[in-house]
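*Asks:* A structural model of the following input is requested.
(4 chains)
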There are 2 protein chains.
Amino acid sequence: MNHQRMNHQRTNQARTGLRERTRRAIQKEITEAAERLFVERGYEATTIGHIAEAVGMSRRTLYRYFATREDIVLGKLDLVADDLLAALRSRPGDEPLWTSLRHSFDLLVAHFDDVWKVEFAEPMQRIIFGTPDLLGRYLEKLERMQGAAELVVRERAETTGTPWADDDPTPRAVVGAAFGCLVAAQHAWFAGGAKEKFGVMIDRAMAAVVPRD
Amino acid sequence: MNHQRMNHQRTNQARTGLRERTRRAIQKEITEAAERLFVERGYEATTIGHIAEAVGMSRRTLYRYFATREDIVLGKLDLVADDLLAALRSRPGDEPLWTSLRHSFDLLVAHFDDVWKVEFAEPMQRIIFGTPDLLGRYLEKLERMQGAAELVVRERAETTGTPWADDDPTPRAVVGAAFGCLVAAQHAWFAGGAKEKFGVMIDRAMAAVVPRD
DNA sequence: CAACGTGTGGCACAGTGTGTCAACAACGGC
DNA sequence: GCCGTTGTTGACACACTGTGCCACACGTTG
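*Replies:* Numbers count the residues shown, from 1 in each chain, chains lettered A, B, ... in the order given. All right, here's what the predicted structure looks like:
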């Protein structure tokens, strides 16, 4: 229970504390070793014990850095989520919602086209989408992002004087549609061997689905 | 590995065989006992052992009916998925895609407004959305449904002479947007205490997001 | 009857994730 | 310097999931 809140507990306070920094460094080390193993031996075949051995620590200690094996792969997503929400919040209030959402995704686009792609992009993507456990966790995290995004969208609508009723599914639906496009773009992206830029893919996907403003 | 294909392996052949029927009956019995336990003691707190004991069979045998504990809750979804795809296939080819998708969801609407609601609707929904594991599996199943739906949509577009390129994210995006609306409707539905009909909710959600035809 | 296929339970096993405890290092005040 | 506090680590035991394997019981068919 309560796995998801264990890492990165306070993004604001103690941002540059020594503790936090070394913790991040170790987390990164673990992640890299683990991903190497996942890519070359497969996700299912790589146990926590293997990873612990690879980074030279005990199984128990590893669990203090990542609550579950899925989190080793998907933990960074929580950080991205915070940034995405901040980006969404910072969009001008009079901008069409769909456009704001598209721009918020730019962070993910960068994440895909830059960091991931250079080192592990395609293989790790394939591992995530090819492993039921990971895919489920991934989608669950996207789900929670959508919940948070809905709140942001509702707040924004309130400031512009056109709020939605509490039981109106509209804001969630628009956000959900946007994330649906995101996943669609991911599929198309590495279905085409990641030859095309991810940004292009998501533009196409979101152009095909434009809600009434 | 390969959990999801273990149950309901051939929906077409041997539809009314004795074996299949008794199997279904036992599955149903297990499901009902399990859901009762889940509702009153919580999902996490209910082990396979408890369920097995409740229905009077061994743990090992229970695993021959459901590959995972999640499947006890979400297994029926696979059947619904088949029906949903069949419904989608049977829509007229000249109908706007969004309308076809909306009508395909009627099955789910019935499932929500009728069967579930009468007995376990709200509690089970809450359990699914409140348990990370279950939510993940649920979303993963929706994901696979979307993959299958995309194929149907592509085939249909081919017969009408307006196919999409293989690397075009459009069909998946539209399908994904529709499923996003579905989930949005679920949220709004039991956020409002399931007072409103589910059909109304999904109508509102999908009306808010209409892609270009 | 015998052979066969199928459903069942028992057992052992690898793996995940948790609670608990003792050892140990780091840091501050005295 | 010494000592308590605090945080990190590893070891062990534990409950639970899911799988492989084997022996047994049952009904059907030859």
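*Asks:* what sits against the spatially most central residue of chain A?
*Replies:* Taking Cα atoms, centre = their mean, the centroid of chain A lies closest to A:Leu77, which sits 3.4 Å from it. Neighbouring residues of A:Leu77 by Cβ atoms under 8 Å, 6 or more residues apart in numbering or on different chains: A:138, A:141. C-beta: built from backbone N, CA, C; applies to glycine.
*Asks:* return the set of buried residues in the one helix or strand it maps to.
*Replies:* Per DSSP states H and E, A:Leu77 falls inside helix A:76-89. By neighbour count, and taking 16 or more other Cβ atoms under 10 Å in any protein chain shown as the criterion, the buried residues in helix A:76-89 are A:76-78, A:81, A:84-85, A:87-88.
*Asks:* JSON lines for those residues, including pLDDT?
*Replies:* Output for the buried residues of helix A:76-89, formatted as JSON lines (pLDDT from 0 to 100):
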{"residue": "A:Lys76", "pLDDT": "90"}
{"residue": "A:Leu77", "pLDDT": "92"}
{"residue": "A:Asp78", "pLDDT": "92"}
{"residue": "A:Ala81", "pLDDT": "94"}
{"residue": "A:Leu84", "pLDDT": "97"}
{"residue": "A:Leu85", "pLDDT": "98"}
{"residue": "A:Ala87", "pLDDT": "98"}
{"residue": "A:Leu88", "pLDDT": "98"}
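*Asks:* need the residues of chain A near DNA strand C, please.
*Replies:* By the rule Cβ under 7 Å from any atom of the strand, the part of chain A lying against DNA strand C is A:1, A:3, A:47-49, A:59-60, A:63, A:67-70.
*Asks:* which non-adjacent residue is nearest A:Cys54?
*Replies:* For residue A:54 the amino acid is Ala, not Cys. In this structure, A:Ala54 finds its nearest non-sequential neighbour in A:Ala33, 4.5 Å apart by Cβ to Cβ, 6 or more residues apart in numbering or on different chains.
*Asks:* so which strand or helix has the one you found?
*Replies:* With DSSP H and E as the criterion, the answer for A:Ala33 is helix A:18-41.
*Asks:* so which elements touch the helix or strand just after that helix?
*Replies:* Moving toward the C-terminus from helix A:18-41, the first helix or strand encountered (DSSP H and E) is helix A:48-55. Using 3 or more Cβ pairs under 8 Å, 6 or more residues apart in numbering or on different chains; DSSP states H and E as the contact test, the elements touching helix A:48-55 are helix A:18-41, helix A:59-65.
*Asks:* return the distance of the last one from the chain's centre.
*Replies:* Remark: helix A:59-65 is offset 23 Å from the chain centroid, using Cα atoms, centre = their mean, to the nearest Å.
*Asks:* in that helix, what's buried?
*Replies:* Along helix A:59-65, these residues count as buried under the neighbour rule (16+ other Cβ under 10 Å): A:62, A:65.
*Asks:* about what we covered before: and the residue nearest to A:Ala54, how many neighbours?
*Replies:* Look at A:Ala33: counted by other Cβ atoms under 10 Å in any protein chain shown, it has 18 neighbours.
*Asks:* circling back: most widely separated two among the residues of chain A next to DNA strand C?
*Replies:* The span of the residues of chain A next to DNA strand C, defined through Cβ to Cβ, is set by A:Met1 and A:Gly49 at 23.3 Å.
*Asks:* quick one: which of these two has more around it?
*Replies:* Under the criterion of other Cβ under 10 Å, the comparison of A:Met1 against A:Gly49 puts A:Gly49 first, with 11 against 7.
*Asks:* and the residue nearest to the more buried one when sequence neighbours are not counted, how far from B:Ser58?
*Replies:* Nearest residue to A:Gly49 in three dimensions, chain neighbours excluded: A:Arg59, at 5.6 Å (Cβ to Cβ, 6+ apart). Between A:Arg59 and B:Ser58 the computed distance is 31 Å (Cβ to Cβ, to the nearest Å).
*Asks:* now A:Ala52
*Replies:* Note on A:Ala52: its distance to B:Ser58, by Cβ to Cβ, is 34 Å.
*Asks:* more neighbours: these two, which one.
*Replies:* When A:Ala52 is set against B:Ser58 and neighbours are counted by other Cβ under 10 Å, the residue ahead is A:Ala52, at 19 against 11.
*Asks:* that one contacts A:Arg59, doesn't it?
*Replies:* Yes - assessed by Cβ atoms under 8 Å, A:Ala52 is found in contact with A:Arg59 at 4.7 Å.
*Asks:* overlap in contacts of those two?
*Replies:* Taking Cβ under 8 Å, 6+ apart as the criterion, A:Ala52 and A:Arg59 do not both touch any residue.
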